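Colleague: have a look; sequence and predicted model below, questions after that.
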Amino acid sequence: MILTIDVGNTRIKGAVFESNNVLEYCVFSKDEVQKNIEIILKKYQEITHLVVASVGSVEKQFFLHFEKMVEVWFVSHEDSFPFVNNYATPKTLGIDRMVLAAGATLQFKGQNRLIIDAGTCVTYDFVDQNDVYLGGAISPGLRLRYEALHHYTEKLPLLDVTDPNHFIGKSTAESIHSGIVNGLVHEISGFIDEYSAQYSNFIIILTGGDTEFLAKRLKNTIFANSNFLLEGLNQLFQYKIKND
C-alpha cells in the first residue's frame, strides 16, 4: 500500500493505493502537509511508501519527517521512466509532466497520447505510439488568465471563473468570461486538431483541477480524469519496483 502526493503550484493532492485500487483521495493546503499525512498514515497503517512528485514550494523536509514510518521516494529526473525522452532540454522538463507521460505510456500502450493538464498552467505533452516523448506546450491556465487581465490593465476587474452563456459578451464581465473560457477551449481544440491531423491511433487525456469545467465544453472525444497524475505516480512506482 502506498500514499502518492502531488505537490502543485496552488494545492497538494494525495491518494492511497493498494495495487491499482484507489482507497482514498484527499486535497489539502501547504500549511497542513504534515498534519494530513499523519492522519492518513494512522488510518492506513499498511502504507509502506510515500511517493512524492513536486513542482511546488513545499520543502522536502516536510516529507522526510515520515522516514521512520515509511520509505519516501521523491520522483526525479534520474529515475527510470517507461518512455524515451526526446525533449531538447530534458532536465528542464517538469516532474509533473514526466509523471503524466509515464502514466499515459503505461496505461495506454501502443497508442499516440496527448496529455493535457489544465491547472495553474495548461501543459500539453505528447508521447507517440513507440513510447517516445516528443514534447508539447505550456500556456496560462484559466485562473492565471483572469489574474493577468486584472493585474496588467487599469480598469478590468478580477472575476471568478464562470461559464459564459454566449460567445458574444454583452458587458465587460461577459466579455472577459467569453474571451478567457472560450479562448482556452479553442486553444485546446486547436492543439487536438493539430495532433490528430498528423497522428492516428490517438487518445486525448485531460487532467488537472479544471478538468470537469473544460471537459463539458470540448467537442473532441477525451479521457477525462482529474486525478490522472496521482494514478500515474502509482503506476510509475510499480514500474520502478519491477525494473529495479
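Modeller: Structure's in. What do you need?

Colleague: tell me the helices in the protein, going along the chain?
Modeller: 33-43, 61-64, 95-107, 142-151, 172-177, 183-198, 211-215, 228-243 (DSSP state H).

Colleague: which residues touch the first one?
Modeller: What that stands for is helix 33-43. 3, 5, 12, 14, 16, 24, 26, 28, 47, 50, 58, 62-63, 65-66, 69-70 (C-beta atoms under 8 Å, 6 or more residues apart in numbering). For every residue, glycine as well, the C-beta is placed using N, CA and C.

Colleague: what do you get for the fifth one?
Modeller: With C-beta under 8 Å, 6+ apart as the test, helix 172-177 has contacts from Tyr146, Leu149, Leu156, Pro157, Leu159, Thr162, Asp163, Pro164, Asn165, His166, Gly169.

Colleague: so which bits of that helix are buried?
Modeller: Glu174, Ile176, His177 (16 or more other C-beta atoms under 10 Å).

Colleague: with the shortest one instead?
Modeller: When burial is assessed from 16+ other C-beta under 10 Å, helix 61-64 yields the following buried residues: Phe62, Phe63.

Colleague: show the average pLDDT along that helix.
Modeller: For helix 61-64, mean pLDDT is 84.

Colleague: what does the fifth one give?
Modeller: Helix 172-177 shows an average pLDDT of 96 in the prediction.

Colleague: go through stretch 89-99 and flag the buried ones.
Modeller: Per 16+ other C-beta under 10 Å, stretch 89-99 contains these buried residues: Leu93, Gly94, Ile95, Asp96, Arg97, Met98, Val99.

Colleague: which parts of stretch 186-201 are buried?
Modeller: Neighbour-count burial for stretch 186-201 [16+ other C-beta under 10 Å]: Ile188, Phe191, Ile192, Tyr195, Tyr199.

Colleague: so who does the first one touch?
Modeller: Looking back up the chat, that one is Ile188. Ile116, Ala118, Val122, Leu214, Leu218.

Colleague: how about those, which pair is most distant?
Modeller: Val122 and Leu218 (12.5 Å; C-beta to C-beta).

Colleague: these two: which has the busier surroundings?
Modeller: Val122 (23 against 16; other C-beta atoms under 10 Å).

Colleague: is that one in contact with Gly136, as I believe?
Modeller: No - when contacts are counted by C-beta atoms under 8 Å, Val122 is not listed as touching Gly136 (10.1 Å).

Colleague: quick one: least confident of the contacts of helix 172-177?
Modeller: Comparing these by pLDDT, Asn165 comes last, at 85.

Colleague: chain neighbours aside, what residue packs nearest to that residue?
Modeller: Glu174 (7.5 Å; C-beta to C-beta, 6 or more residues apart in numbering).

Colleague: separation between that neighbour and Ile116?
Modeller: 26 Å (C-beta to C-beta, to the nearest Å).

Colleague: same thing with Pro164?
Modeller: Pro164 is 20 Å from Ile116, by C-beta to C-beta.

Colleague: kind regards, and thank you for your time.
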